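**Q** can you look at this prediction? I've put the sequence above it.
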Amino acid sequence: MTRQKILQVENLSIDYVVLDGIIKAVRNVSFTIDEGEVVCLVGESGSGKTTVGLAIAGALPENAVIREGKIIFRGRDFLSNRLKDKSTSEDRIMIIFQDPVATLNPLFRVGEIISDVIKHHLKITNPGEIREKALEFLKAVELPDPERVFNSYPHELSGGMLQRVVIAIALSINPRLLIADEPTTMLDVTLQAQILDLLINLKKKLGVSILFITHNLGVAAEIGDRIIVMYGGEIFEEARSEELLYNPLHPYTRGLLECIPKTHIKYSKLKSIPGMIFDLMNPPKGCTFVDRCTEAMEICRNVKPQLVEFLKDHRVACHLYRLEER
Amino acid sequence: MPVSKEYIVKRIILLIFVILGVLFITFVITRLIPARPELLWAGPHATIEQIERARKQLHLDKPIYIQFILYLQDFLTGNWGISWRTKSPVIVDVLSTLTATLELVIIAFFFAFIIGIPVGVLAALKKYSWIDDLTRIITVVGASIPVFWLALIVQLVFGSWLGILPSAKRVDEWIVIVTGFKPVTGFYLLDSVIQGNLPVFIDTVKRIILPALVLAAYPFCLSTRMTRAVMIEVLSEQHVKSLIAWGLSKKTILFKYSLKNTIVPVIASLGLSFGYTIIGAFMVELVFVWPGIGFYAAMSLLSFDYPAVIGCVITVAIFYSIINTLVDMIHSIIDPRVRL
């Protein structure tokens, strides 16, 4: 099973320039996404997962600086080509966001926004054709009465419906990669499952690859083919979903898994990982997790662990797993 | 149909109540004065019978609510009293001076917003550049300068020193007489265009420039500052970021989407600054001898001409509420969330 790599991220480092200094939000991140694959980026807030997503989507805020690294999408270096990019819609990476209510301009009908996106990328000028295409995708995201939705203002629709609209907008130009930045976080639990199902269905139908960003390992396990665990701007562990869930290597991943509430044990206490994330302006010299790690050793303070493929298709960055001890 | 008829009807009914409220307040104020107008009416050395007759004539013998109804009746039938100063009916004076003021205010507002909004957008897009700094200096200074002082300075510079623009009156009487110009609507610019009277048109334009410029200073600065602040805010909102991320062109994002979000609060400020501009018009008209309602009110105030002053107050208040109703309607056309 050798699938084509659709996206390669190599040694990506991103800084945010703020008033009191430079935040090293993403450091030396490398990973790949295969065609038709769902990769989950998991991490707590401040882990840099959203920054990675925004960088790939080409939607970084103004104060972000890509210090080094490459983002190669469909064989082309995305970072050096982006500005003069006059490519087809298939070379476009689309993104959906956390808050569907804030994502859509409240003064415009949903149909107008989706039509503009279609018109711009698919270079269709006939209004009837644009409308048909828009309705087709509003139907594809399983919205009841797409005609009505098309003519609605955002405030007339519910959060769940809006997230479906946003997904329709993102997929309407037939992108090959979709970045989903915590698309279910702001929704009710019942809606979360629906939206996840919808994304999986659409992925199968349209063959789009998805980079799914979430802080919720449970959600990641449900949707992801592969899970990447990030902490403080670095990748700590990466493996196929089942492998990561049943055989977590990094102490941080294990901690995260223990934090998922266990509903089958009565009166079990909610667990958490003690401590706070380190100061991103001055990352520690060694392992960034050392202060919160229960298995920290002397070496962890001074030497940064490298990301190594400890098991097959299972990469981890921790001194507990050194290649020579395998 | 973007706005329901229901909404418009609702707003007009509300407007009627606001105007009734204005009339009620002016009525109460005039009745609050502990005077006996019938004594004044009857004149000195009047007998008790004469005073009694005057009381009846002035309806002062009737209960207060009947008096209010009669007052409303007088207001609606155009019986606003006789001006003590000009000796003509107040309503005739007010209506003839109102158009002069409206012409001035409309021109001032039009240019204030037509120029203010683009300048504000530019300042927002070039945030912290020299353009932004320059507009900030101009607008802060412009909004801080008292209107009457600016009026005098402008008169001095353009009227006296440079001598390029006349600095008093709406139109030269000689040109009116020579060309046989007869105002119909009272808006001289409009009238002269309709009648094809070029000399009057040119003279009117020349004379309106300076007072309109002075009057436009405050709304211009306000709309520029507002537009800049709101635009910067809007550009940082998620719905703009998402359009950028979805790859729409800068032109579309800026002028089709963000500008619409920006315009809403700027238009709301238009309605509010209208009140300030009317006050400004009082000063500007006085300095430029502009025969508008401000000039008329100021003259009436100076000669204690109460019927005229009350007439002016009611007219300005009514206009203020009409403008704000219109602004609300425009607001509801742009923003679907306020269509109730």
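**A** Great, that's in hand. Numbering: from 1, shown residues only, chains lettered A, B, ... in the order given.
**Q** can you check the pLDDT for the spatially most central residue of chain B?
**A** With distances taken as Cα atoms, centre = their mean, the residue of chain B nearest its centroid is residue B:278 (4.3 Å). pLDDT for residue B:278: 80.
**Q** could you do residue A:81 as well?
**A** 55.
**Q** what do you get for residue B:320?
**A** On the pLDDT scale, residue B:320 gets 87.
**Q** shouldn't it be in contact with residue B:275?
**A** Yes - taking Cβ atoms under 8 Å as the definition, residue B:320 is a contact partner of residue B:275 at 5.4 Å. All C-beta spots, glycine's among them, are computed from the backbone N, C-alpha and C.
**Q** neighbours of the nearest residue to residue B:249 once chain neighbours are set aside, how many?
**A** Leaving aside its chain neighbours, residue B:249 sits nearest to residue A:120 (6.5 Å; criterion: Cβ to Cβ, 6 or more residues apart in numbering or on different chains). Residue neighbour count, defined by other Cβ atoms under 10 Å in any protein chain shown, stands at 18 for residue A:120.
**Q** repeat for residue B:269
**A** Look at residue B:269: counted by other Cβ under 10 Å, it has 18 neighbours.
**Q** which residues touch residue A:59?
**A** Residue A:59 is in contact with A:95, B:241, B:244, B:245, counting by Cβ atoms under 8 Å, 6 or more residues apart in numbering or on different chains.
**Q** in what helix or strand does residue B:183 lie?
**A** Per DSSP states H and E: residue B:183 is located in neither a helix nor a strand.
**Q** for the residue in the stretch 1-150 of chain B that chain A sits nearest to, phi and psi?
**A** Closest to chain A within the stretch 1-150 of chain B is residue B:127: 10.2 Å, counting by Cβ to the nearest Cβ. Torsion angles at residue B:127 (phi, psi; degrees, to the nearest 10) stand at phi -50, psi 130.
**Q** how many other residues sit next to the closest residue to it other than its chain neighbours?
**A** Distances taken as Cβ to Cβ, 6+ apart place residue B:232 nearest to residue B:127, at 6.3 Å, with adjacent residues excluded. Neighbour count of residue B:232, defined by other Cβ under 10 Å: 15.
**Q** counting contacts, what elements does the helix or strand hosting residue B:232 pack onto?
**A** Assigned by DSSP H and E, residue B:232 falls within helix B:198-235. Here helix B:198-235 touches helix B:90-125, helix B:130-144, helix B:147-154, helix B:173-179, helix B:188-194, helix B:259-287, going by 3 or more Cβ pairs under 8 Å, 6 or more residues apart in numbering or on different chains; DSSP states H and E.
**Q** average model confidence for it?
**A** Per-residue pLDDT over helix B:198-235 has a mean of 92.
**Q** pull out the buried residues from the helix or strand following it.
**A** Along the chain past helix B:198-235, the next helix or strand (assigned with DSSP H and E) turns out to be helix B:238-245. Residues of helix B:238-245 classed as buried: B:238, B:239, B:240, B:241, B:242, B:243, B:245 (neighbour count, 16 or more other Cβ atoms under 10 Å in any protein chain shown).
**Q** ok, now how distant is the second one from chain A?
**A** For residue B:239, the distance to chain A equals 4 Å [Cβ to the nearest Cβ, to the nearest Å].
**Q** now do the contacts for the residue nearest to that residue when sequence neighbours are not counted.
**A** Excluding the flanking residues, the one nearest residue B:239 by Cβ to Cβ, 6+ apart is residue A:105, at 4.2 Å. Going by Cβ under 8 Å, 6+ apart, residue A:105 touches A:113, A:154, B:239, B:240, B:243, B:257, B:260, B:261.
**Q** ok, 7 Å please
**A** A:113, B:239, B:257, B:261 (Cβ atoms under 7 Å, 6 or more residues apart in numbering or on different chains).
**Q** which among those gets closest to residue A:239?
**A** residue B:239 (36.8 Å; Cβ to Cβ).
**Q** wait, doesn't residue B:78 sit right on residue B:93?
**A** No - at 12.0 Å, residue B:78 does not count as touching residue B:93 under the criterion of Cβ atoms under 7 Å.
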